[in-house]
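Undergrad: Give the three-dimensional model of this entry:
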Amino acid sequence: MRAVRLTQFLASTAVSLLLVAAAGSASAEPKSGTQMEDAAAASTTALEPDRTSTEPTDSAKDSMASPATVEPRETSGPPAALDTAPAAAAITPNADPSTAEPKTATAPAPTPQAASAEQADQVPTGTVDTPPADTSNGSPPAAPVPAAVAEIDIAITAQLHDLANGKFDRLVGGKKERPAIDAFYSARNYAPLWITDGKSNGRAKAAIAYLGHVDTDGLDPAEYPVPNFESLSDPAALAEAELKLTTSVVTYAHHAQVGRVHWTRVSGDIFYDRKSSTAAEVLAKLAEATNVAEALAAYEPRNPAYLALKAKLAELRAGKEVDGQTSIPNGPLLKIGMQDNRVPQLRERLHVGGEGTTYDKPLADAVAKYQQEHELKGTGTLTPPTVEALNGRRPDRPVDTIIANLERWRWMPHELGKTYVMVNLPDFTLHVMQNGHELWVTRIVDGKPNLPTPIMSAEMKYITVNPTWNVPPSIIAREYMPIMQQDSTALERMGLKVSMNSDGTVHIAQPPGERNALGRLRFNFPNKFLVYQHDTPEKRLFTYDRRAFSHGCMRVQDPVKYAEVLLSIVRPHDGYTQQRIRSMFGNNEQDIQFPTFIPVHLTYQTAFVDDEGKLVFRDDVYGRDKALLAILKSDERKVADIAIERKENVVRRELLAMPDQSTFGGRGYYGGGDFFSRLFGGQASPQPAAGQRRGAAQSSTEFR
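TA: Coordinates of the predicted model:
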């Protein structure tokens, strides 16, 4: 009997040792199912001889108070840890079990069930698993991640795997957009970007909030729909919500970066060689961003002119009064000697001294001068058209005009350059900018409404002194050859030189000189439209406020000063003063190369904020606002961000490079009603058309 009791005691001690050992090693490496089964079998075998014996003594019962065996949990993968409390104490290493007091053995705390092999393949590398608890300092293990959360993340990931086979094409835009989006998700093993633990994460909330306010940039939030994550729990629905937000974010980034409407849909006289970031690049940027709103805002232009116009849009929408001046009321015609309460206001507007309400001669003279400058009859009588000119004409829909201008800013390079030339075509001005400040400004003449100066960006590379004008080949074939067939000396009398090219074709050019249509200076920024900036003999045209008289090129009011300013930037040590530049005038063409190129931006700003912070509107000279807004208000809007192909009109393009007909069209050259009149469809010397007799200041409105 003593032997039996000793055997039972030893068996009980062995079980205790096994359980304590299991508790000590659970956090390091759980036993396999086979190992645990072997341990249970060993304890059973130890007790087998006593199965027919009497009950054990009380001391034996105490030693067997803990479970003799532990059934392993069934699972498709590695077994879960024992589902009991942590061990109360451990046996001292190397202790003699025959002398050690038996201890109560307990099992370690549970840990999350490991994924199966199939699930493990689906778990994205970008996810963060709960690390094993460090119990070396005696602290308890960290709370486990709920199994339900892990399962829904895995389920969403499994759904996103189907992105590659086209399951979500209806959301991501089809075969064209899918590869880029799939590339992003594939790189992260299809881990969701916007969802964590089955819920929208902080990144998603920030993106949703930002897209809801893109109207501040003149865009429509409805075009960037966002999901309601909180209402969803099904993995398939959550995966769709994930991709819905992804698509909206990518679409917004594209529109913000290069435009909501592709410029090709507005006119063939616009060109920008810009590409937006790929979907994968946008998503990768947002995945790494610490501030999602700032990352999204970075896709919009950030230059001061854009931001100032954006601020005015907010003021107008808020109903804030932004009118910078009080309008002069309409009233009867005013002639010298008449009394009128508008006189003090007229004096202030035209900066004329005096007191009282008498319309006197100094004020009438100032009105006459204003009329002449703004293409009105200079009678000195205050007429309704003169009052309209003084007040300016505000657009019928100023908010729409601002939206159109914000859109055109998106077409342009968002980095304008440290130094650049900015031409505002509807304002007929040219500005040289450096380090955010205006270095110099001058008036220009630009294209007629039927031959508009193009909108684009290019790089100025050199200045030509004493330029030669070379007639485009298509113009030679269509217009000049018939003249030469009628009169072989006609072109020579017009000051043109005729020669033969090496391939047998005719070459016609106007040599350098005082009468050259390009003047003494040409500013070259090579571009597909063949346009440039140049001097002109027709200086009187700069007296008009609305100066749409050229064939597409830009005539500069003070080209010598312009050359000095540019060369002082790119060649500051070469001494190109105005005097030196004039000393180069002669009959030989010379090029002054730029060591570094200067960006030239030909813009169409019918709404802008001036240096005094006033909102200024200009006439839609070329109808660019009208065309753009028509697209945004029509069914074409649905596909407006997709470029279209336009067949290039070579003849029209070369017409843009033609000089003024006034250079040749006078009777001293080839007579009235001649070839040049037919070619350019105008008079020998350009005169303002009836619709141009109201100047830009008259057809503009300034607002604070």
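
Undergrad: What is the burial count for R582?
TA: Residues contacting R582 under the criterion other C-beta atoms under 10 Å number 12. (C-beta placed from N, C-alpha, C; glycine too.)

Undergrad: With the one 4 residues further on instead?
TA: Taking other C-beta under 10 Å as the neighbour definition, G586 ends up with a count of 12.

Undergrad: Likewise for L632?
TA: Quick note: L632 (other C-beta under 10 Å) scores 17 neighbours.

Undergrad: so what pLDDT did it get?
TA: Predicted confidence (pLDDT) for L632: 95.

Undergrad: how close does it get to D220?
TA: To D220, L632 is 9 Å away according to C-beta to C-beta, to the nearest Å.

Undergrad: Next: D625.
TA: Plainly put, D625 is 18 Å away from D220 if you go by C-beta to C-beta.

Undergrad: So which of the two has more stuff around it?
TA: Between D625 and D220, counted using other C-beta under 10 Å, the more crowded position is D625 (26 against 13).

Undergrad: for the more buried one, helix, strand, or coil?
TA: helix (DSSP: H, G, I helix; E, B strand; the rest coil).

Undergrad: Tell me, how many residues neighbour the nearest residue to it once chain neighbours are set aside?
TA: In this structure, D625 finds its nearest non-sequential neighbour in A404, 4.6 Å apart by C-beta to C-beta, 6 or more residues apart in numbering. For A404, the neighbour count with other C-beta under 10 Å is 25.

Undergrad: A404 is in contact with F617, isn't it?
TA: No. Using C-beta atoms under 8 Å, A404 is not in contact with F617; the gap is 11.4 Å.

Undergrad: joint contacts of the two?
TA: 606-607 (C-beta atoms under 8 Å, 6 or more residues apart in numbering).

Undergrad: residues contacting S233?
TA: Counting by C-beta under 8 Å, 6+ apart, S233 has contacts 152, 198.

Undergrad: Please apply the same query to D625.
TA: 400-401, 404-405, 606.

Undergrad: Then D611?
TA: Shown in contact with D611 (C-beta under 8 Å, 6+ apart): E438.

Undergrad: Okay, now the unreliable bits of the stretch 101-250 of the chain?
TA: Applying pLDDT under 70 to the stretch 101-250 of the chain flags the ranges 101-150, 174-175.

Undergrad: where exactly do the strands run in it?
TA: Along the stretch 101-250 of the chain, counting by DSSP state E, counting those that start in this stretch, strands occupy 195-196, 199-200.

Undergrad: Burial-wise, tell me which of the ones you listed comes out on top.
TA: Of all those, strand 195-196 has the most neighbours on average by mean count of other C-beta atoms under 10 Å, namely a mean of 21.

Undergrad: what lines up beside that strand in the sheet?
TA: strand 199-200 (antiparallel) (DSSP bridges).

Undergrad: what's the strand it pairs with in contact with?
TA: By C-beta under 8 Å, 6+ apart, the surrounding residues in contact with strand 199-200 are 194, 208, 229-230.

Undergrad: hmm, 7 Å instead?
TA: When contacts are defined by C-beta atoms under 7 Å, 6 or more residues apart in numbering, strand 199-200 is touched by residues 194, 229.

Undergrad: which SS state does D446 fall under?
TA: Criterion first, three-state DSSP; result for D446: strand.
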